[in-house]
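[1] A structural model of the following input is requested.
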Amino acid sequence: MSNQFRSASLISVAAATIALTFSINASAAVDVEAAKMLARENNCFKCHGVEKEKDGPAYKKVAEKYRGKAGAEERLFTHVTSGEKAKFPDGHEEEHKNIQGKASPEAIKNLVGWILSL
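    Presented below is the predicted three-dimensional model:
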């Protein structure tokens, strides 16, 4: 085995280990009550239920959709902070309520982590 190949393999294994460690720690660090409080304060439960579909998808369905996908956290963070269009079951679109500025990035990441943990 060449030294270059061995080095590349070790780097790949180290990177995967670090990524796994961070993802496990991120899941373990979710403050469920703080996430629910932020969702309540921003009227998220008006359109989303944890298990029940409302105008928006149930959070468990969102978690299933993104489970195991690269960039899921970033995608949901952008969705709740950018005011991008949300599609409704009847086909119409509205701007998603933006919670940016109402909460710290850490609080929003915690909310996203909670949703993805369901």
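[2] tell me the pLDDT at Ala14?
    For Ala14, the pLDDT comes out at 40.
[3] ok, Tyr59 - how many residues close by?
    Residues lying near Tyr59 (other CB atoms under 10 Å) number 23. The way it works is simple: take the backbone N, C-alpha and C, and place the C-beta from them, glycine included.
[4] doesn't Ile115 make contact with it?
    Yes. In this structure, Tyr59 is within contact of Ile115 by CB atoms under 8 Å, at 4.8 Å.
[5] for Gly113, which non-adjacent residue is spatially closest?
    Distances taken as CB to CB, 6 or more residues apart in numbering place Val30 nearest to Gly113, at 4.4 Å, with adjacent residues excluded.
[6] go on, Ala72?
    Closest to Ala72 by CB to CB, 6+ apart is Tyr66, at 3.7 Å.
[7] just the pLDDT for that neighbour.
    97.
[8] what does the model give the residue nearest to Val50 when sequence neighbours are not counted for pLDDT?
    Leaving aside its sequence neighbours, Val50 sits nearest to Tyr59 (CB to CB, 6+ apart; 5.1 Å). pLDDT for Tyr59: 97.
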